[in-house]
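Student: Have a look; sequence and predicted model below, questions after that.
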Amino acid sequence: MPATAQAEYVPYIYAPESFDLDWHLGKLNSQLMEHAHYRRTITRTSPLLFALLYMEHRLIDPTISRDIHLSQFHIDMAYEAELWLDRNLEPAQIRQAWIAPRGAAKSTWLCCVLPIWALAHGHRRMVAAFAANKTAAERVMGNIKYCLDNYELLRDDFPELCTPARAGGRSVSDAKNMYVAKSGAVVMAHGIDSNQLGANIHGMRPDMILLDDIEDDEGNYSIHQKKQRLSTVAAILPMNDRAVVQWAGTTTMYGSATHDMVRSLYGEKADWVAEYAFRPRHYPAIVTVSDGSESSIWPAKWSLEYLRSIRHTRLYALHFDNRPRSQEDGLWAPGDLPPILDRLRCSRAVLWVDPGVTTNAKSDPTGLAVVGLAGNRAVVLYAEGFKLKPNERKNMVSRICHDNPMIDTVYVEDNQGGADNYRNELEPVLPPGVKLVPRHTSKSKPRRIEEHLDYCQMGWMAWAEDFPTLREQMLEYPRGAHDDVLDAVCGASEELLGTRLRAKVLPV
């Protein structure tokens, strides 16, 4: 392939053994490859060759190597794109959803490489891309514009696509959310909830609609929001019922729209999938090959050994397998409980108090948990629940602090209000140097407990001894009568480990 001025190093191309890459590349005429007309001709009907020839730098994942590593998933997306050559589509003829692990390069191919191929050769004229929010939409547009502005061979062979249209000496549109090329090609990118459903540029309507991870992460999403999101998708599709529609997704929670599409492939009912005419394809991280053995969907990025090591976790089910477990089936299994390690020495500890609203029989007890930090692991040092009146609660907090001198902060959950009352009640009995911090938690209790399960499954938690009440509440959740002690442990652990999970650190 012709060398570009962008890189001195020529990347090597790796492909699955089942795909004969040498045979495909061997059909090329090396002498004619120096001519732009030949390059345009051979890539007109081959999205894969276009990607390798013009977009090689977009295909390189620097976290893996300096080379191109194709998975079967990438090859399948490229081959399916050959259907886009048909300009006389029937309504809803091409509506595909690609469900694969987070980080599998879905967006790279479906929302950058393949649309640029379709626009470069005139197979599509107007692309409307929708992402979960404005920031994500601007990222989609930014990736496309970066390629058009910086990939030298692409600019040489398709100058009219890579040059903005001008009128009166100014660009018609070369903004964060819309690009109009000299060739007449148009790309738009918006947050899915923006008011952009009547897109019409010079009488054109989108002939390609992209839905790129349009569901928010599980901490900011709900079944109600999923229903609203599907209503928005139902309003987007009529922008052009003959458009090519591509949905790139990873499940964000049990019962999300993406999860519905996966379930529909395994015999579970999801009426809207058929109603909207989507044809989903599911790529789990661990695939079973023809001889019955297992393989990684993308061995260059995730080794089979690594995937097997996290296969038991909720995060794997959610982000890698796209088949999360329902809370109603029981969130915890006995194997998820942390190990008992009584010899760990903690550098510091926090006490979390989850006050009971009242002391009547139907009210939750006050949950109390002391969690310490021992290296990179959080250790439950104390966990119990009691029906306590304010004076009794004050005495209990005082005793726990004196029994655990490594406590430096007492957190009191004040979602019911009353932060000043808690200060007046507890601050006078705290040892010198121990802070009292009222904490209003914005996360739902189910979300906090799910995150604590992640901590346990990733080996970040341990218990200093067996805590029967805590163990019982974990194994009975969400069907148990109470979860106050579990909730207190979740709050204390979040204070010590939450930053690590927010950085999306997975087990190694």
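Tutor: Looks like it came in fine.
Student: Would you map the helices across the stretch 251-400 of the chain?
Tutor: 257-264, 271-275, 304-310, 314-315, 390-403 (DSSP state H, counting those that start in this stretch).
Student: Buried residues, the longest one. List them.
Tutor: Taking 16 or more other Cβ atoms under 10 Å as the neighbour-count basis, helix 390-403 is seen to contain the buried residues 393, 394, 396, 397, 400, 401. Placement of C-beta: from N, CA and C, glycine included.
Student: With pLDDT added, can I get these in CSV?
Tutor: Shown next, in CSV, are the buried residues of helix 390-403 (pLDDT from 0 to 100):
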residue, pLDDT
393, 91
394, 92
396, 94
397, 94
400, 96
401, 95
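Student: Mind putting those into CSV with distance to residue 457?
Tutor: CSV is the format used below for the buried residues of helix 390-403 (distance: Cβ to Cβ, whole Å):
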residue, distance to residue 457
393, 33
394, 36
396, 31
397, 31
400, 28
401, 31
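Student: nearest to residue 319, of the residues you listed?
Tutor: Nearest to residue 319 among the buried residues of helix 390-403 is residue 400, at 37.2 Å by Cβ to Cβ.
Student: tell me the mean pLDDT over the helix or strand where residue 498 lies?
Tutor: According to DSSP states H and E, residue 498 maps onto helix 484-502. Across helix 484-502, pLDDT averages out at 87.
Student: rewinding a little: and the helices of the stretch 251-400 of the chain, which one's lowest on average pLDDT?
Tutor: helix 314-315 (a mean of 88).
Student: Who are the packing partners of that helix?
Tutor: Under the contact criterion of 3 or more Cβ pairs under 8 Å, 6 or more residues apart in numbering; DSSP states H and E, helix 314-315 touches helix 445-457.
Student: Give me the packing partners of the following helix or strand past the helix it packs on, helices and strands only.
Tutor: Sequence order places strand 461-463 as the next helix or strand after helix 445-457, per DSSP H and E. Where contact means 3+ Cβ pairs under 8 Å, 6+ apart, strand 461-463 is packed against strand 377-386.
Student: For the strand it packs on, buried residues please.
Tutor: By 16+ other Cβ under 10 Å, the buried positions in strand 377-386 come out as 377, 378, 379, 380, 381, 382, 383, 384, 385.
Student: same check, this time on stretch 303-314
Tutor: 304, 307, 310, 313, 314.
Student: what do you get for stretch 183-196?
Tutor: 183, 184, 185, 186, 187, 188, 189, 190, 191, 192, 196.
Student: Columns secondary structure, distance to residue 95 and pLDDT on top of the residues you listed, output as CSV?
Tutor: As requested, the buried residues of stretch 183-196 are exported to CSV (DSSP: H, G, I helix; E, B strand; the rest coil; distance: Cβ to Cβ, whole Å; pLDDT from 0 to 100):
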residue, secondary structure, distance to residue 95, pLDDT
183, coil, 26, 95
184, coil, 25, 93
185, coil, 22, 95
186, strand, 21, 95
187, strand, 20, 95
188, strand, 19, 94
189, strand, 19, 94
190, strand, 19, 93
191, strand, 21, 94
192, coil, 16, 92
196, coil, 20, 63
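Student: which of these lies closest to residue 165?
Tutor: residue 184 (7.3 Å).
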